[in-house]
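Peer 1: Got a predicted structure here, sequence first:
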Amino acid sequence: MQLKIHNLRFSYPQQQFTVKADHLDLQPGLTAMIGENGAGKSTLFKLLGGLVTTHQGKITVDQQPLKDFLKTERARKIGLAFQDPDDQFFNSSVKKEVEWELRQLKVPAKKQSETVTAVLKETNLSQQAQQNPYDLSLSDRKLLSIATVLAPNPQIALFDEPMIALDWPSQQLVSHIFTKLAKRGHTILVISHNLDWVAQNVPQVIVMGRGKVIFAGKTRDFLHQPTLVKKSNLLLPKVTRLTMALGINPPQYRL
Ligand SMILES: Nc1ncnc2c1ncn2[C@@H]1O[C@H](COP(=O)(O)OP(=O)(O)O)[C@@H](O)[C@H]1O
Ligand SMILES: [Mg+2]
C-alpha cells in the first residue's frame with residue numbers, strides 16, 4: 001500500500017512553524033523518518049496518520065484521499081504508535097488494550113483471543129497481560145504501544161520514536177518485527193534520530209529539517225553525503241565518526 005503526499009502545508013494555530021512537503025511517496029518496505037528535535041517529524045506523523053486533517057494539499061492511500069476514509073476504514077489500513085505511549089492507553093489491562101482495536105473492527109472472538117496471545121508473545125509481554133498499562137515500565141509501555149499496532153495487522157504502520165527507552169534486547173526484538181513486516185510487504189515508517197540504528201536496519205530515509213523534507217531516498221545515499229548529514233544536525237553513525245577522526249576511508253553502507 002502506498003502513502004503519498006501532494007503539496008502538503010500545515011501550521012499550528014498562532015505558530016510560525018510550518019510543515020511543507022511538495023511530494024513524498026511512501027512505498028511498501030521499511031523507511032525511517034529522521035531529523036533533529038523540532039524538525040516536524042511528529043507533526044508529519046500525525047498528518048500521515050489522519051489525526052490532523054486541517055492541512056492544505058492532499059494525502060492519499062493507494063490514490064484515495066485519506067480524509068475520505070471512515071474512521072474504522074482508516075484504522076484497518078493505518079496503525080499508529082505515538083511518541084508518548086501514555087497518550088494512547090485507556091484500558092484497565094495490557095490484554096484489553098491489545099484487544100481493543102480488534103473489537104472495534106469486529107474481529108470474531110476466537111480470532112481476537114488467538115491474535116492477542118500471539119502479539120503479546122511476539123512483543124515479550126505475555127507475563128504482563130493482566131497488569132494495568134500504567135503499572136508497566138516505560139520500556140514495556142513502548143512495547144505495548146507497538147503491540148496495539150501489530151494486533152489488527154494494518155498494511156501501513158507508523159511508529160513515532162519506538163526505540164526510545166527500550167533496552168538492547170527489546171531494540172533487537174522490535175527491529176526484527178519491523179524488518180519482518182517490511183518483508184511481508186507492509187509499509188512501515190519509523191521515526192528515529194539514532195543514525196547508528198538506521199544505518200544498520202533501515203534501507204530508506206526521509207530526512208526532515210525545519211518542517212521541510214530535505215532528503216528522501218536510500219539510507220546509504222544520505223549517509224555518503226556528510227555535508228547533507230551535517231545540515232540535518234544529525235550525528236553521523238559512530239563508525240563513520242571514528243574513521244573520520246582516524247583519517248581513514250569511511251565505511252560503505254550497504255542499506
Ligand atoms: N500541538 C502543538 N501545538 C503547537 N505547536 C506544536 C504542537 N506540536 C508541535 N508543535 C511545534 O511544532 C514544531 C515541530 O514539532 P514536532 O513535530 O513535535 O517535531 P519533532 O517530532 O521532529 O521533534 C515545534 O516547533 C513544536 O514546538
Ligand atoms: Mg517528535
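Peer 2: On my side now, so go ahead. Ligands and ions are numbered 1, 2, ... in the order given.
Peer 1: Could you confirm whether stretch 48-60 reaches ligand 2?
Peer 2: No - counting by CB under 5 Å from the ion, no contacts exist between stretch 48-60 and ligand 2, the nearest distance being 13.0 Å. Bear in mind the C-beta positions are built from the backbone N, C-alpha and C, glycine included.
Peer 1: So what's the model's average confidence on that stretch?
Peer 2: The pLDDT scores in stretch 48-60 average 92.
Peer 1: What distance do you get for the closest residue to residue 131 other than its chain neighbours to residue 121?
Peer 2: Among residues not flanking residue 131 along the chain, residue 94 sits closest, at 5.5 Å (CB to CB, 6 or more residues apart in numbering). As judged by CB to CB, to the nearest Å, residue 94 and residue 121 stand 12 Å apart.
Peer 1: Contact partners for residue 107?
Peer 2: 115, 152 (CB atoms under 8 Å, 6 or more residues apart in numbering).
Peer 1: let's see 10 Å
Peer 2: 99, 101, 113, 114, 115, 151, 152, 153 (CB atoms under 10 Å, 6 or more residues apart in numbering).
Peer 1: Then residue 239?
Peer 2: Residue 239 sits next to 196, 199, 200, 250, 251, 253 when contact means CB under 10 Å, 6+ apart.
Peer 1: surely the second one meets residue 241?
Peer 2: Spelled out, that is residue 199. No - counting by CB atoms under 10 Å, residue 199 sits too far from residue 241 to count as a contact (11.7 Å).
Peer 1: so the spatially closest residue to residue 36 that is not a sequence neighbour, which of the three states?
Peer 2: Excluding its sequence neighbours, the residue lying closest to residue 36 (CB to CB, 6+ apart) is residue 233, at 4.1 Å. Here residue 233 is recorded as coil under DSSP: H, G, I helix; E, B strand; the rest coil.
Peer 1: now the helices for the stretch 51-200 of the chain?
Peer 2: In the stretch 51-200 of the chain, the helices defined using DSSP state H, counting those that start in this stretch lie at 71-77, 94-104, 109-122, 138-150, 168-183, 195-201.
Peer 1: for the third one, packing partners?
Peer 2: When you say that, I think you mean helix 109-122. Helix 109-122 is packed against helix 94-104, helix 138-150, helix 168-183, with contacts defined by 3 or more CB pairs under 10 Å, 6 or more residues apart in numbering; DSSP states H and E.
Peer 1: elements contacting the shortest one?
Peer 2: Using 3+ CB pairs under 10 Å, 6+ apart as the contact definition, the elements that helix 94-104 packs against are helix 71-77, helix 109-122, helix 138-150.
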